[in-house]
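A.B. asks: Need a 3D model of the sequence below.
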Amino acid sequence: MLKNILMAEIMPIVEEFDQQLNYDTEYESRLQAAANNFIAAASSLPRASGCLPPCGFQVQGAVYNCVTCQYDSCEFPLDCPGKEITVQENNRTQMWCSVPFLLPADVEIVWRYAQDRTMLRERFDDVTVGADPLYSIPSARPEQSGTYQCEVLSQEQSLVRLYFYLTVIPVAQTGHVHLQDVFAQALLPEGQFPRLSSTDSFSYWLPRPAFLTTCLTAIMLLIFLSLGVLYWLSYQIRTSVFDPAQETILTEEKKYLIHC
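C.D. replies: Next up is the predicted model:
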């Protein structure tokens, strides 16, 4: 596109002055006018940029400035907007130090941690240093809540800093919140719970399969034990009725009572 603009400004002058003699001032004025028109047309062209917002020093996205004859950086801040992460206690959580633009091959990744919500460098403590972009917490605890920072370095120069705001909800607090929700629903008019919509799953209201299996097994075991006890009692009764020795003892007791 720049070549087409240049040829459109120069070729008419070449054809007009071909095989002609002109004063130097005329050449100078016509070429200066062509140069001004070229700069104005070139400045209005859309520039191809590899810059991907909103953050990071992107070497591959630098754009050549035709006016200053230098490469302009993307001029984005190194600090990226923070990402919110919420996880329940004892659950696994992962944070990826990844960016949408191309990074050099010799990057070094530093993970840092701060107990509060902050972006101040002095509030962070180094956790790990290496080339692994993944930071994983197998079983999150409430005291692990805070801000996690991932900084990407290349030849000791910072390229980008990512922030993750982690909130770990305790198990007891989760149950408390659920009870508050049930209580709030019970305070609806006439104490009625809202009906399930057609999109809701009825499995929400049913116990878990493992819980149902345990209950059924316990009920069947109780029934078998009850039947065993009843059979044992009936056997004891039949034995005591037809025992000859017991019959003799009862006859002697009757004779003694009649004698008295």
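
A.B. asks: use CA for all of it now, contacts and neighbours both
C.D. replies: Noted.

A.B. asks: got the buried residues for the lengthiest strand in the chain?
C.D. replies: Counting residues, the longest strand in the chain under DSSP state E turns out to be strand 157-169. With burial defined by 16 or more other Cα atoms under 10 Å, the residues of strand 157-169 counted as buried are 158, 159, 160, 161, 162, 163, 164, 165, 166, 167, 168, 169.

A.B. asks: and of these, the nearest to residue 95?
C.D. replies: residue 164 (7.5 Å; Cα to Cα).

A.B. asks: ok, now which ones touch the closest one?
C.D. replies: Contacts for residue 164 (Cα atoms under 8 Å, 6 or more residues apart in numbering) come out as 82, 83, 84, 85, 95, 147, 148, 149.

A.B. asks: Each with direction, which strands does whichever strand or helix holds residue 129 pair with?
C.D. replies: Assigned by DSSP states H and E, residue 129 falls within strand 125-130. Sheet pairing for strand 125-130, assigned by DSSP bridges, gives strand 107-114 (antiparallel).

A.B. asks: Restricting to C-alpha, output the partner strand in PDB.
C.D. replies: What follows is strand 107-114 as a C-alpha-only set of coordinates in PDB (Å, rounded to 0.1, in the frame of the first residue of the first chain):
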ATOM      1  CA  VAL A 107      11.500 -17.100  30.400                       C
ATOM      2  CA  GLU A 108      11.700 -17.500  34.200                       C
ATOM      3  CA  ILE A 109       8.400 -17.600  36.200                       C
ATOM      4  CA  VAL A 110       8.300 -16.300  39.800                       C
ATOM      5  CA  TRP A 111       5.300 -17.100  42.000                       C
ATOM      6  CA  ARG A 112       4.700 -14.800  45.000                       C
ATOM      7  CA  TYR A 113       2.000 -14.700  47.800                       C
ATOM      8  CA  ALA A 114       0.500 -11.900  49.900                       C
END
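
A.B. asks: got the end-to-end distance for stretch 140-149?
C.D. replies: 17 Å (Cα to Cα, to the nearest Å).

A.B. asks: Quick one: mean pLDDT for it?
C.D. replies: Regarding stretch 140-149, the rounded mean pLDDT is 96.

A.B. asks: Could you pull out the buried residues of the helix or strand just after the strand holding residue 129?
C.D. replies: Using DSSP H and E, the helix or strand that follows strand 125-130 towards the C-terminus is strand 134-137. For strand 134-137, the neighbour count (16+ other Cα under 10 Å) marks residue 135 as buried.

A.B. asks: so what's residue 162 up against?
C.D. replies: Going by Cα under 8 Å, 6+ apart, residue 162 touches 79, 80, 81, 82, 97, 149, 150, 151.

A.B. asks: what's the neighbour count on the second one?
C.D. replies: Look at residue 80: counted by other Cα atoms under 10 Å, it has 18 neighbours.

A.B. asks: OK, contacts around it?
C.D. replies: 54, 55, 56, 160, 161, 162, 163.

A.B. asks: May I have the predicted confidence score for it?
C.D. replies: 96.

A.B. asks: Which residues are in contact with residue 57?
C.D. replies: Residue 57 sits next to 73, 74, 75, 76, 77, 78, 158, 159, 160 when contact means Cα under 8 Å, 6+ apart.

A.B. asks: swap that for residue 130, sorry
C.D. replies: So residue 130 contacts 108, 109, 110 (Cα under 8 Å, 6+ apart).

A.B. asks: so where do the strands sit in the stretch 1-150 of the chain?
C.D. replies: All strands of the stretch 1-150 of the chain, identified by DSSP state E, counting those that start in this stretch, fall at 63-65, 70-72, 83-88, 93-96, 107-114, 125-130, 134-137, 146-154.

A.B. asks: How many residues are close by residue 114?
C.D. replies: By other Cα under 10 Å, 21 other residues sit near residue 114.

A.B. asks: any idea what sits nearest it, other than its immediate chain neighbours?
C.D. replies: residue 124 (4.7 Å; Cα to Cα, 6 or more residues apart in numbering).
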